[in-house]
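Student: Mind looking at a prediction? Sequence and model below.
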Amino acid sequence: MGNIQNSKYEIIKPGIEYNDRILYRIRAKKDFGYVCAGNLGGWIENEYNLDEDGWCWIFKEAKVFGNARVIGNALVYDRALVYGEAKIMDDSLVEDEAKVFGNAKVMGHANIKGYSSVYDNAIISGEAQVLDHAQVFNDAKITDYAKIHDHTTIAGSAFVGGRAKIYDNAKIYGNARVEDNVEIYDDAEVYENAKVYDSAYIFGNAKIYGNSQVFDEACVYGYSRVKGNAEVYNEQRIVFGIVDHDIRKYKDWKSAIYHLFGTYPVNRKIILYIPVNKDFSMVNNSTIILKPDQLINAKEYGQSYISFSYEYDIRVYPDLPDEQFDEIYYKYFIVAVEIDISDIVDISSDSVWAKKARVIDVVGPIRK
């Protein structure tokens, strides 16, 4: 039936019927990019779908139709589908069985693959990757080196950038903004006007929303919620309850303790379990000795406060396998330290900074 020709490729007739449209196989007329003259390509509806300029190409069984365009040096591979008003441009790549449709745009060096879908007015740019069964839609934007994979959903007017990694069943939507080296995973959600950035971690069933911000290596997980104008930062860890204000700014250590341990101080006091060496010197500061029935005052050591690390908390580690348990404890004693919340200066994910503390008991050595 003859061929419709341009300088880059020809459209081979007859075509095939697909979704009530007639699509035609393409064949290269010259060498360019990864293509040699005579190579068969994928399927298009008309010449508008694949630009004559650049190295752009459609490979194998990939299909581009409707008013969709592939331009620049963009490549569409395998069984990928590009349709509607979608545009694949620059040096971007769409492959496997991914779908890009609606008014979506894929540009820069972005990569869409697996069974993922990008649609509506979504824009994927930079070196971003959308993989597996991930979905990006509405007016969402993914850029920089962000990686979106598994069964994640990015929607609304959400922005994801930097080297953020979003995976498992996480959802980012509304006007949420996620960037830098953030990781969000499990069933966590970030939405409304919330911001998560600067190496923060959000996972479990945690939800970040309202105008809240989580940043500076903070960690929010479990079934916790961060909402309103709350700010969680400086390695804070939120595991329990709802945070609706800046705990550090207001020095609300009672709330901080609850959000961290799931329990409130008793008579304004908390008990931490601290690893010490066999001479009772602190593991993280060997100049401080934690002997039983001793009051530890930071001023006596020429300090404003002492950092009490509870990283090896015996309420957690007994669940470890014996060999891992032994690896942690074989050389340590554990002492119980009581701290009044009025003496607390700060609380982070693994330490309590306090002006004073009392050693009330010795627990251990746990293993030999």
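Tutor: Cool, got the structure. Predicted model, so just to flag it, every value in this text is computed and none were measured.

Student: contacts, neighbours, all on C-alpha from now
Tutor: Noted.

Student: List the strands paired with the biggest strand by length in the chain, with their directions.
Tutor: The longest strand of the chain (DSSP state E) is strand 9-18. Neighbouring strands of strand 9-18 in its sheet, by DSSP bridges, are strand 3-5 (antiparallel), strand 21-28 (antiparallel).

Student: want to throw these into a markdown table with mean neighbour count, distance to Asp91 and mean pLDDT?
Tutor: Compiled in a markdown table, the strands paired with strand 9-18 are given as follows (neighbours: other Cα atoms under 10 Å; distance: least, Cα to Cα, whole Å; pLDDT from 0 to 100):
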| stretch | mean neighbour count | distance to Asp91 | mean pLDDT |
| --- | --- | --- | --- |
| strand 3-5 | 13 | 25 | 50 |
| strand 21-28 | 21 | 19 | 96 |
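
Student: Dump those strands to TSV, plus distance to Lys60.
Tutor: Output for those, formatted as TSV (distance: least, Cα to Cα, whole Å):
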stretch	distance to Lys60
strand 3-5	19
strand 21-28	9
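
Student: got the CA coordinates for the longest strand of the chain in CSV?
Tutor: Provided in CSV are the C-alpha atoms of strand 9-18 (Å, rounded to 0.1, in the frame of the first residue of the first chain):
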residue,chain,number,x,y,z
TYR,A,9,12.0,7.2,9.3
GLU,A,10,9.2,5.7,7.3
ILE,A,11,5.7,4.6,8.4
ILE,A,12,4.9,1.1,7.2
LYS,A,13,1.4,0.3,6.0
PRO,A,14,-0.8,-1.5,6.6
GLY,A,15,-1.1,-0.9,10.3
ILE,A,16,-2.8,-2.6,13.3
GLU,A,17,-5.9,-1.6,15.2
TYR,A,18,-5.3,-0.6,18.8
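
Student: which parts of that strand are buried?
Tutor: Across strand 9-18, burial judged by 16 or more other Cα atoms under 10 Å covers Tyr9, Glu10, Ile11, Ile12.

Student: again, but for stretch 250-270
Tutor: Residues of stretch 250-270 classed as buried: Lys251, Trp253, Lys254, Ser255, Ala256, Ile257, Tyr258, His259, Leu260, Tyr264, Pro265, Ile270 (neighbour count, 16+ other Cα under 10 Å).

Student: How about residues contacting it?
Tutor: Residues from elsewhere that reach stretch 250-270 (Cα atoms under 8 Å, 6 or more residues apart in numbering): 224, 237-243, 247, 338-342, 344-347, 349.

Student: What is the distance between it and the centre of its chain?
Tutor: 28 Å (Cα atoms, centre = their mean, to the nearest Å).

Student: picking that back up, lowest-confidence entry in the buried residues of stretch 250-270?
Tutor: The pLDDT minimum for those sits at Leu260, where the score is 84.

Student: Okay, now stretch 230-250: how far is its last residue from its first?
Tutor: Using Cα to Cα, to the nearest Å, the end-to-end distance of stretch 230-250 comes to 11 Å.

Student: Quick check: mean pLDDT of it?
Tutor: Here the average pLDDT along stretch 230-250 is 92.

Student: Check which residues of it are buried.
Tutor: In stretch 230-250, counting by 16+ other Cα under 10 Å, buried: 230-248.

Student: domain parsing for the protein?
Tutor: 1-126, 165-261, 265-363 (automatic domain parsing).

Student: Just send these back as TSV, with distance to Thr152 too.
Tutor: Shown next, in TSV, are these (distance: least, Cα to Cα, whole Å):
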stretch	distance to Thr152
domain 1-126	10
domain 165-261	5
domain 265-363	27
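
Student: quick one, strands of the stretch 251-368 of the chain?
Tutor: 269-276, 295-297, 306-309, 333-340, 344-347, 351-354, 356-363 (DSSP state E, counting those that start in this stretch).

Student: How far does the fourth one sit from its chain's centre?
Tutor: Averaged C-alpha coordinates place strand 333-340 at 35 Å from its chain's average position (Cα atoms, centre = their mean).

Student: repeat for stretch 285-298
Tutor: 40 Å.

Student: Pull the distance from the longest strand of the chain to the chain's centre.
Tutor: That offset, for strand 9-18, works out to 43 Å (Cα atoms, centre = their mean).

Student: Go through the strands of the stretch 251-368 of the chain and name the closest to Ala176.
Tutor: strand 344-347 (27.1 Å; Cα to Cα).

Student: I'd like the average pLDDT over that closest one.
Tutor: Strand 344-347 comes out with an average pLDDT of 90.

Student: picking up where we left off before, okay, the strands of the stretch 251-368 of the chain in CSV with distance to Ile184 next?
Tutor: Converted to CSV, the strands of the stretch 251-368 of the chain look like this (distance: least, Cα to Cα, whole Å):
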stretch, distance to Ile184
strand 269-276, 29
strand 295-297, 39
strand 306-309, 26
strand 333-340, 33
strand 344-347, 23
strand 351-354, 24
strand 356-363, 36
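
Student: so how many other residues sit close to Arg69?
Tutor: 24 (other Cα atoms under 10 Å).

Student: need the contact list for the spatially most central residue of the chain.
Tutor: Centroid-nearest residue in the chain: Glu183, 2.5 Å away (criterion: Cα atoms, centre = their mean). When contacts are counted by Cα under 8 Å, 6+ apart, Glu183 touches Ala164, Lys165, Ile166, Ser199, Ala200, Tyr201, Ile202.

Student: beta partners of Tyr9?
Tutor: Taking DSSP bridges as the rule, Tyr9 bridges to Ala28.

Student: so how far is Ser348 from it?
Tutor: Taking Cα to Cα, one finds Tyr9 at 62 Å from Ser348.

Student: Perfect, I'm done here.
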